[in-house]
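Undergrad: okay, here's the prediction I keep looking at, along with the sequence it came from:
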Amino acid sequence: MNTHSFTAVTPPARFDGVPWTTVSVEESALAAGPFTLVATLAVEVDATPDTPNPVNITVTTATLASGFFRFRFADIVGNTSPYSSPVASPALSPSLPVRPTAQAVADLCGAYTRQAITGGYPPPGGEPQAGRELGEFTASTSPTLNQVEGFITAAVDEVRGRVGIGELPEDVWDLARTTALYHAAAAVQAMRAPAGTDDSDGLYAAFISNYRASLIELIQQARPRVLPGMY
């Protein structure tokens, strides 16, 4: 068995005065699943479920040494919350504090969160399901959630390598996360619209410009002196 800890996991707010009492933890080797239940844990009863307090979660019964995890809260009578977005285990991402989420990438690249078109049109008067913008990456979007997680991993590795000082100091984590976010968003844009990578007015150019500017600032803040040619 393997142990993983997750800090400051915020339960969904609820406005009926009933608190969450347990959280189910599920694991998967891939961000898009399939997920398997590995633990159901008690959580501290929150006196203000409409403004929920973050909770720390430690699971000691995970079968994966590294992977993705999602959480689902339940109350005393068994009512459940929606699943959380998958999060990478610390073992999968030692740079977790500077790792942007797939949702953050989706917020920048919403046009590429459309559900894949796999069939015909709906009956007259029905709402089309295929092709609608989901606002998040899933197994049925292009790129898929797993592909985006791969872009994020590559972006974090790129940023850390460019700075070149090993572990980044805590006071630049936010800037490093933003820098990696723009890198990952550019990768999504390049995958979906490769012909637009030479468009000086396009999204790809904007993401790359923001990435480079953020990287320069990050290097200046994280290192005592900037070396020529680092970017």
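TA: Yep, that arrived.

Undergrad: distance of residue 207 relative to residue 60?
TA: Here residue 207 is placed at a distance of 40 Å from residue 60 (C-beta to C-beta, to the nearest Å). Bear in mind the C-beta positions are built from the backbone N, C-alpha and C, glycine included.

Undergrad: these two: which is more packed in?
TA: Between residue 207 and residue 60, counting by other C-beta atoms under 10 Å, residue 207 is the more crowded of the two (22 against 12).

Undergrad: give the buried residues for the one helix or strand the more buried one maps to.
TA: Counting by DSSP states H and E, the element that carries residue 207 is helix 203-222. By neighbour count on 16 or more other C-beta atoms under 10 Å, the buried set for helix 203-222 is 203-208, 210-211, 214-215, 218-219, 222.

Undergrad: just to check, residue 7 is in contact with residue 56?
TA: Yes - applying C-beta atoms under 8 Å, one finds residue 7 in contact with residue 56, separated by 5.1 Å.

Undergrad: ranges for the helices of the protein?
TA: 102-108, 145-163, 173-192, 203-222 (DSSP state H).

Undergrad: which among these is found nearest to residue 30?
TA: Proximity to residue 30 (C-beta to C-beta) singles out helix 145-163 among those, at 5.2 Å.

Undergrad: against which helices or strands is the closest one packed?
TA: Secondary-structure packing of helix 145-163 (3 or more C-beta pairs under 8 Å, 6 or more residues apart in numbering; DSSP states H and E): helix 102-108, helix 173-192, helix 203-222.

Undergrad: okay, the ones you listed in TSV with distance to residue 2 next?
TA: Shown next, in TSV, are those (distance: least, C-beta to C-beta, whole Å):
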stretch	distance to residue 2
helix 102-108	23
helix 173-192	25
helix 203-222	32
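
Undergrad: rewinding a little: off-centre distance for the helix holding residue 207?
TA: 20 Å (C-alpha atoms, centre = their mean, to the nearest Å).

Undergrad: now that helix against helix 173-192, angle please.
TA: 160 degrees (axes from the mean of the first three to the mean of the last three C-alpha atoms, to 10 degrees).

Undergrad: packing partners for helix 203-222?
TA: Using 3+ C-beta pairs under 8 Å, 6+ apart, helix 203-222 is in contact with helix 145-163, helix 173-192.

Undergrad: least confident of those, on average?
TA: Per-segment mean pLDDT for the helices and strands packed on helix 203-222 reaches its minimum on helix 145-163, at a mean of 89.

Undergrad: what residues sit buried inside that helix?
TA: Neighbour-count burial for helix 145-163 [16+ other C-beta under 10 Å]: 145-149, 151-153, 155-156, 158-160, 163.

Undergrad: and stretch 69-85, by the same measure?
TA: Those would be 69, 70, 71, 72, 73, 74, 75, 81, 84, 85, for stretch 69-85 by 16+ other C-beta under 10 Å.

Undergrad: can you redo these as JSON lines with distance to residue 139 and pLDDT?
TA: Converted to JSON lines, the buried residues of stretch 69-85 look like this (distance: C-beta to C-beta, whole Å; pLDDT from 0 to 100):
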{"residue": "69", "distance to residue 139": "17", "pLDDT": "91"}
{"residue": "70", "distance to residue 139": "14", "pLDDT": "93"}
{"residue": "71", "distance to residue 139": "19", "pLDDT": "96"}
{"residue": "72", "distance to residue 139": "18", "pLDDT": "97"}
{"residue": "73", "distance to residue 139": "23", "pLDDT": "97"}
{"residue": "74", "distance to residue 139": "25", "pLDDT": "98"}
{"residue": "75", "distance to residue 139": "29", "pLDDT": "97"}
{"residue": "81", "distance to residue 139": "21", "pLDDT": "96"}
{"residue": "84", "distance to residue 139": "17", "pLDDT": "89"}
{"residue": "85", "distance to residue 139": "13", "pLDDT": "83"}
